[in-house]
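> A predicted structure for the sequence below; I have some questions about it.
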Amino acid sequence: MTPFPGPRDWGRLLTAMLTPFRSDGSANWDESARVARYLVDVQKNDGLVVSGTTGESPTLSAEEKLQALEVALEAVGDRAAIVFGAGTYDTAESVHLAEEATRRGAHGVMVVNPYYNRPGQAGLYAHFSAVARATPLPVMLYNIQPRTSINLETPTLLRLIEDHPNIVAVKEASGNMAQIAEVAASVPAGFRVYSGDDALTLPVLSVGGHGLVSVAAHVVGHRLREAIDAFAKDPGQSWSVARDLHPVIRAVFSAPSPVPIKYALSLHGFDCERVRLPLVPLSEDEKAGLRPVFEATRAPAHA
């Protein structure tokens, strides 16, 4: 397999990819490969993030996470960036996953705030530093306070960037636009700020953000691509696309993610609706309410 060119260049639109499961609860790797090809070839993603929250990483074993990486690399790794979600609440485990992802050919790693044990800023710095030292790959930090109950504050982020040159990006999903604007204005040239919230894509671009790590791009990636590409030259067109996509994005997050997006993609012909406990599928009433919105996103035929 030809390595993806430019290991620091992940592009502007990446999807945090879901994990399909079989009826017995095991991961369906054949379907995962189909999804990866669809996201790149039909939905026009520059790259994929595997073993993230949308991939149900909390209920994947370490080996399943790494298998998801290998499947994505084999399916599309010659033409798309594959970033591996190595972050957990255990620094030693996160280091191990980063080392294994490096060995297996990932194009980068993403490391989320350590959830549940809620370290302070000193602990965040030590955790992210340990993972960054464990790999030569470019690293994306993932700041998502709503899921982790902690916030990566801007001074801590800037210190990490200064001390670890391979920390090259942050996925910002804090929901705090004032903080995101501060980050975008403070980071060095070439450091990339990605929106981690589909609904805030254009606001993040407007303050200097580089792109989006998306959930909705499973089904409307080609339209998000249009909005992102148009933003610099024709912001009016970009906002028009964003308005059109608002009902879809709202529907994608109408229940705990990734439950709705797995249902949405199943309407595109993929066997991917099942989730692992403690997540549960949508009820029939919930599906009935969302089906018209999701059916309208159906794209052309796919492999």
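Everything's here; your move.
> from now on I want contacts and neighbour counts done on CA atoms only, so please keep to that.
OK.
> and residue 142, that one's in a helix?
No - counting by DSSP: H, G, I helix; E, B strand; the rest coil, residue 142 falls outside a helix, being strand.
> count the residues that sit near it.
24 (other Cα atoms under 10 Å).
> could we number from 12 for the rest of this?
Shifting the count to begin at 12 puts that one at residue 153.
> I figured it hits residue 183, correct?
Yes - Residue 153 is within contact range of residue 183, at 6.3 Å (criterion: Cα atoms under 8 Å).
> quick one: the helices in the stretch 162-311 of the chain, in order.
Remark: helices assigned in the stretch 162-311 of the chain by DSSP state H, counting those that start in this stretch are 165-174, 188-197, 212-217, 228-241, 246-263, 270-277, 295-306.
> how about the shortest one: buried residues?
Neighbour-count burial for helix 212-217, with 16 or more other Cα atoms under 10 Å as criterion, is recorded at 212, 213, 215, 216.
> which other residues reach it?
188, 191, 192, 205, 206, 222, 223, 239, 242, 249, 250, 253 (Cα atoms under 8 Å, 6 or more residues apart in numbering).
> adding distance to residue 36 as columns, could you present the helices of the stretch 162-311 of the chain in a markdown table?
Listed next are the helices of the stretch 162-311 of the chain as a markdown table, based on distance: least, Cα to Cα, whole Å:
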| stretch | distance to residue 36 |
| --- | --- |
| helix 165-174 | 38 |
| helix 188-197 | 38 |
| helix 212-217 | 34 |
| helix 228-241 | 22 |
| helix 246-263 | 23 |
| helix 270-277 | 15 |
| helix 295-306 | 21 |
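> quick check: which of those helices is nearest to residue 106?
Nearest to residue 106, of all these, is helix 165-174, at 16.2 Å by Cα to Cα.
> other SSEs contacting that closest one?
helix 132-144, strand 178-183, helix 188-197 (3 or more Cα pairs under 8 Å, 6 or more residues apart in numbering; DSSP states H and E).
> can I get these in CSV with mean neighbour count?
Below are the helices and strands packed on helix 165-174 laid out as CSV (neighbours: other Cα atoms under 10 Å):
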stretch, mean neighbour count
helix 132-144, 18
strand 178-183, 24
helix 188-197, 17
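> relative to residue 263, which of the ones you listed is closest?
Closest among these, using Cα to Cα: strand 178-183, at 18.5 Å.
> same for the closest one, what does it pack against?
Using 3+ Cα pairs under 8 Å, 6+ apart, strand 178-183 is in contact with strand 150-154, helix 165-174, strand 203-206.
> adjacent strands (with direction) for it?
strand 150-154 (parallel), strand 203-206 (parallel) (DSSP bridges).
> and the angle from it to helix 188-197?
Here strand 178-183 runs at an angle of 160 degrees relative to helix 188-197 (axes from the mean of the first three to the mean of the last three Cα atoms, to 10 degrees).
> any chance you could list what contacts strand 178-183?
Residues contacting strand 178-183 (Cα under 8 Å, 6+ apart): 19, 143, 149-155, 171-172, 191, 201-208, 224.
> avg pLDDT for it?
Mean pLDDT, computed over strand 178-183, is 98.
> before we move on, the earlier item: which of the helices and strands packed on strand 178-183 is buried the deepest?
The highest average neighbour count among these, using mean count of other Cα atoms under 10 Å, belongs to strand 203-206 at a mean of 27.
> rewinding a little: okay if I get the contacts of helix 212-217 as CSV plus pLDDT and distance to residue 55?
As requested, the contacts of helix 212-217 are arranged in CSV below (pLDDT from 0 to 100; distance: Cα to Cα, whole Å):
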residue, pLDDT, distance to residue 55
188, 96, 27
191, 97, 26
192, 98, 27
205, 98, 17
206, 98, 17
222, 97, 14
223, 98, 13
239, 98, 12
242, 97, 17
249, 97, 16
250, 97, 19
253, 96, 17
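> the closest residue to residue 224 other than its chain neighbours pairs with what?
Nearest residue to residue 224, sequence neighbours excluded (Cα to Cα, 6 or more residues apart in numbering): residue 25, at 4.8 Å. Assessed by DSSP bridges, residue 25 has beta-bridge partners residue 58, residue 224.
> buried ones in the helix or strand of the chain with the lowest mean pLDDT?
The helix or strand of the chain with the poorest confidence is helix 156-159; it has a mean of 88 (mean pLDDT, DSSP states H and E). By neighbour count with 16+ other Cα under 10 Å, helix 156-159 contains the buried residues 156, 159.
> how far does it sit from the chain's center?
Remark: helix 156-159 is offset 15 Å from the chain centroid, using Cα atoms, centre = their mean, to the nearest Å.
> which strands and helices sit next to it?
Partner elements for helix 156-159 (3+ Cα pairs under 8 Å, 6+ apart): none found.
> quick one: residues in contact with that helix.
124, 125, 126, 127, 129, 162, 184, 185.
> okay but the last one is in contact with residue 160, surely?
In this case it means residue 185. No - taking Cα under 8 Å as the definition, residue 185 is not a contact partner of residue 160, at 10.0 Å.
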